[in-house]
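the amino acid sequence is not available; the structure is as follows:
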């Protein structure tokens, strides 16, 4: 089964496009956990248990683990053990380099840590992505139109009648031989999502920017779904995991997840 | 002192533009080290001791450490201890994400591991780079025109009379308030280096692609130097560290470094 089919099956089974982002910033943990040993693992475990009924995917933001050195990487490995097989686990790593180096990054996330998918940066072109793509059952979400203000700096440059992010989308579609490519497009650009869906066929979209970054969930659902009403993951990180900084954080995360998923279900 | 000034002082003091790339791939170690414990650290230590008279900088390719999990990160930390303060140490990490995430990556490399500089990807624009740039005494080398074949996929797209990598160079120059920005441009594009130097003022160039990737050292020296005959680091990784797979690997690495540095000195 291709990665795209696997993802869509999970979306359909859970009846959810929700991706919960585990951007577990140690300084934002609830106060009662702040000085506890293994607090990141305990926090992640409780968040995962509380949200797994709603989450089609978890996206682990590698930066928040890597920045804490060995301890962070150990927390990451422990966290992965709490996520069941019926959920996609994405390493949000934005990696990408020349071929022999990308091969090492692919090993890191697909072998050493056994993620289902990774985010990559497209600037260096095809040969920087191909070592990831060769893992045919793994997903590779390439940055296309990002949710931040800086997306205006280069992604909207026009060349031969198409903007840079549209060129990227077109190439990603061409390179999608194993049906394991996806693209990252921000919820902060709802109009562009519609255009991207037309250009990129049925490739999965990973859509951050709902919640803390201000994207509109309804507009995303109207514009980004495939004709089969699947093919998207909508990520919320801070809006779910740090919705409460009290002892009820897991309960509130479940509630926020449920609210998002109900809004999703109402629209399809 | 700005990062650019610090780098140029080291270049002048060592009379060398050489950056030695520690892409220490465990499967390419000399046979006699292959089954030895701590072999990566021993190898790096011997390479550093043998080449430190020639190297203005070391570039540690994070992928080759990260892919080995905790053991790799420990090897990286130990390796850093062997490099003296009169040498720039670059984390070749190609990171870049939205602001709050880039801040974590900056912490990883500038605080947890105390590198002097990092490589970053520019696709997400200014706010993805600014958390790195706020470390005013640290260097930030952004990808501009890369040495690989895939550089043709997007970097040469023309927009308003300029190619994408030229737009990137221009923006980097604009954003260089703290004089701590550099750019990455491959030795495999010697003509473009000349053009980039004209566009990018005196910002430092990190130039990979000499050696295994086929770039021409003489052409690089003719085209990329600033008017003050500094401002470049020319990286060689495999061509130095894996030049011999026998017990004489460190001696041969020193010899290869010396040859490159003598070619550099003959041209300025």
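Yes, it's here. Predicted model, so just to flag it, every value in this text is computed and none were measured.

where exactly do the helices run in chain A?
Ranges of helices within chain A are A:3-14, A:39-51, A:63-66, A:69-80, A:99-107, A:126-133, A:151-154, A:164-174, A:190-199, A:217-224, A:238-241, A:249-266, based on DSSP state H.

in stretch A:195-204, what counts as buried?
Counting neighbours by 16 or more other Cβ atoms under 10 Å in any protein chain shown, one finds that the buried residues in stretch A:195-204 are A:195, A:196, A:197, A:199, A:200, A:203, A:204. C-beta coordinates here come from the backbone N, C-alpha and C atoms, glycine included.

quick one: the third one and chain B, what's the gap?
Taking Cβ to the nearest Cβ, to the nearest Å as the criterion, residue A:197 is separated from chain B by 21 Å.

check the gap between that residue and residue A:159 for me.
Residue A:197 sits 21 Å away from residue A:159, taking Cβ to Cβ, to the nearest Å as the criterion.

one more: the fifth one?
Using Cβ to Cβ, one obtains 18 Å as the distance from residue A:200 to residue A:159.

cool, the last one as well?
Applying Cβ to Cβ, the value for residue A:204 to residue A:159 is 26 Å.

what of the first one?
When Cβ to Cβ is applied, the distance between residue A:195 and residue A:159 equals 16 Å.

spit out the contact partners of the residue nearest to residue A:66 when sequence neighbours are not counted.
Here the nearest residue to residue A:66 in space, its sequence neighbours aside, is residue B:108; by Cβ to Cβ, 6 or more residues apart in numbering or on different chains that works out to 4.8 Å. Applying Cβ atoms under 8 Å, 6 or more residues apart in numbering or on different chains to residue B:108 gives the contacts A:63, A:66, A:67, A:69.

dump these into TSV; add distance to residue A:172 as well.
Compiled in TSV, the contacts of residue B:108 are given as follows (distance: Cβ to Cβ, whole Å):
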residue	distance to residue A:172
A:63	23
A:66	26
A:67	29
A:69	34
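
sort out which one of the residues you listed lies nearest residue A:50 for me.
Within those, the smallest distance to residue A:50 is 23.5 Å, found for residue A:63 (Cβ to Cβ).

just give me the neighbour total for the residue lying closest to the closest one once chain neighbours are set aside.
Residue nearest to residue A:63 in three dimensions, not counting chain neighbours: residue B:104, with 3.6 Å by Cβ to Cβ, 6+ apart. Taking other Cβ atoms under 10 Å in any protein chain shown as the criterion, the count of residues near residue B:104 is 23.

returning to that earlier point: among the helices of chain A, which is the most enclosed?
Each of the helices of chain A was scored by mean neighbour count; the highest is helix A:63-66, a mean of 25, by mean count of other Cβ atoms under 10 Å in any protein chain shown.

what mean pLDDT does that helix get?
Over the span of helix A:63-66, the pLDDT mean works out to 98.

do stretch A:249-257 as well
Confidence over stretch A:249-257 (mean pLDDT, whole number) is 98.

what does stretch A:214-222 give?
The pLDDT scores in stretch A:214-222 average 90.

and it, how far from the chain's centre?
Stretch A:214-222 has its C-alpha centroid displaced from the chain centroid by 16 Å (Cα atoms, centre = their mean, to the nearest Å).

is there proximity between that stretch and chain B?
No: Stretch A:214-222 does not reach chain B (Cβ under 8 Å from any Cβ of the partner chain); its nearest approach is 12.4 Å.

mind showing which ranges of chain A have poor pLDDT?
With pLDDT under 70 as the threshold, chain A has no low-confidence stretch at all.

so which of the helices of chain A gets nearest residue A:23?
helix A:63-66 (5.4 Å).

which strands or helices does the closest one pack on?
helix A:69-80, helix B:99-106 (3 or more Cβ pairs under 8 Å, 6 or more residues apart in numbering or on different chains; DSSP states H and E).

looking at those helices, which is closest to residue A:258?
Of the helices and strands packed on helix A:63-66, nearest to residue A:258 by Cβ to Cβ is helix A:69-80, at 21.8 Å.

the inter-axis angle of the closest one versus helix B:99-106?
Between the direction of helix A:69-80 and that of helix B:99-106, the angle (axes from the mean of the first three to the mean of the last three Cα atoms, to 10 degrees) works out to 130 degrees.

tell me which residues touch the closest residue to residue A:112 other than its chain neighbours, please.
Nearest non-adjacent residue to residue A:112, counting by Cβ to Cβ, 6+ apart: residue B:69, 4.9 Å away. Residues near residue B:69 by Cβ under 8 Å, 6+ apart: A:73, A:77, A:108, A:112, A:113.

cool, residue A:88 as well?
With the criterion set at Cβ under 8 Å, 6+ apart, residue A:88 makes contact with A:6, A:7, A:10, A:19, A:56, A:57, A:58, A:116, A:117, A:139, A:233.

reformat those as a markdown table; add distance to residue B:166.
A markdown table is the format used below for the contacts of residue A:88 (distance: Cβ to Cβ, whole Å):
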| residue | distance to residue B:166 |
| --- | --- |
| A:6 | 41 |
| A:7 | 38 |
| A:10 | 43 |
| A:19 | 36 |
| A:56 | 41 |
| A:57 | 38 |
| A:58 | 40 |
| A:116 | 38 |
| A:117 | 33 |
| A:139 | 33 |
| A:233 | 35 |
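
name the nearest of these relative to residue B:2.
For residue B:2, the closest of these turns out to be residue A:117, at 40.3 Å, with distances computed as Cβ to Cβ.

surely the closest one meets residue A:3?
Yes: in this structure, residue A:117 sits in contact with residue A:3. The criterion is Cβ atoms under 8 Å, and the distance is 7.0 Å.

any shared contact partners between the two?
Common neighbours of residue A:117 and residue A:3 (Cβ under 8 Å, 6+ apart) are A:138, A:139.

who touches the closest residue to residue A:226 other than its chain neighbours in this structure?
In space, not counting the residues next to it along the chain, residue A:226 is nearest to residue A:202; the distance is 4.8 Å by Cβ to Cβ, 6+ apart. Going by Cβ under 8 Å, 6+ apart, residue A:202 touches A:4, A:226, A:227, A:228, A:231.

so who does the closest residue to the last one other than its chain neighbours touch?
Yep, that's residue A:231 we're talking about. Spatially, and ignoring its direct neighbours in sequence, residue A:231 is nearest to residue A:204 (5.1 Å; Cβ to Cβ, 6+ apart). By Cβ under 8 Å, 6+ apart, the contact set of residue A:204 is A:4, A:7, A:8, A:139, A:141, A:182, A:183, A:231, A:232, A:233.

repeat that with 7 Å
Residue A:204 is in contact with A:4, A:7, A:182, A:231, A:232, A:233, counting by Cβ atoms under 7 Å, 6 or more residues apart in numbering or on different chains.

got JSON lines for the residues you listed, with distance to residue B:47 too?
As requested, the contacts of residue A:204 are arranged in JSON lines below (distance: Cβ to Cβ, whole Å):
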{"residue": "A:4", "distance to residue B:47": "44"}
{"residue": "A:7", "distance to residue B:47": "43"}
{"residue": "A:182", "distance to residue B:47": "39"}
{"residue": "A:231", "distance to residue B:47": "48"}
{"residue": "A:232", "distance to residue B:47": "48"}
{"residue": "A:233", "distance to residue B:47": "43"}
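
closest one of those residues to residue B:147?
Comparing these against residue B:147 with Cβ to Cβ picks out residue A:182 as the nearest, at 27.1 Å.

quick one, what contacts that closest one?
Residues counted as contacts of residue A:182 (Cβ under 7 Å, 6+ apart) are A:139, A:140, A:141, A:203, A:204, A:205, A:206.

and the buried ones among those residues, selectable in ChimeraX?
Filtering the contacts of residue A:182 down to the buried ones (16+ other Cβ under 10 Å) takes a single ChimeraX command:
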select /A:139,140,141,203,204,205,206
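
wait, residue A:243 touches residue A:254, no?
No: with contacts defined as Cβ atoms under 7 Å, residue A:243 does not count as touching residue A:254, sitting 9.9 Å away.

quick check: closest non-adjacent residue to residue A:137.
Counting by Cβ to Cβ, 6+ apart, residue A:137 lies nearest to residue A:3, which is 6.1 Å off, once chain neighbours are set aside.
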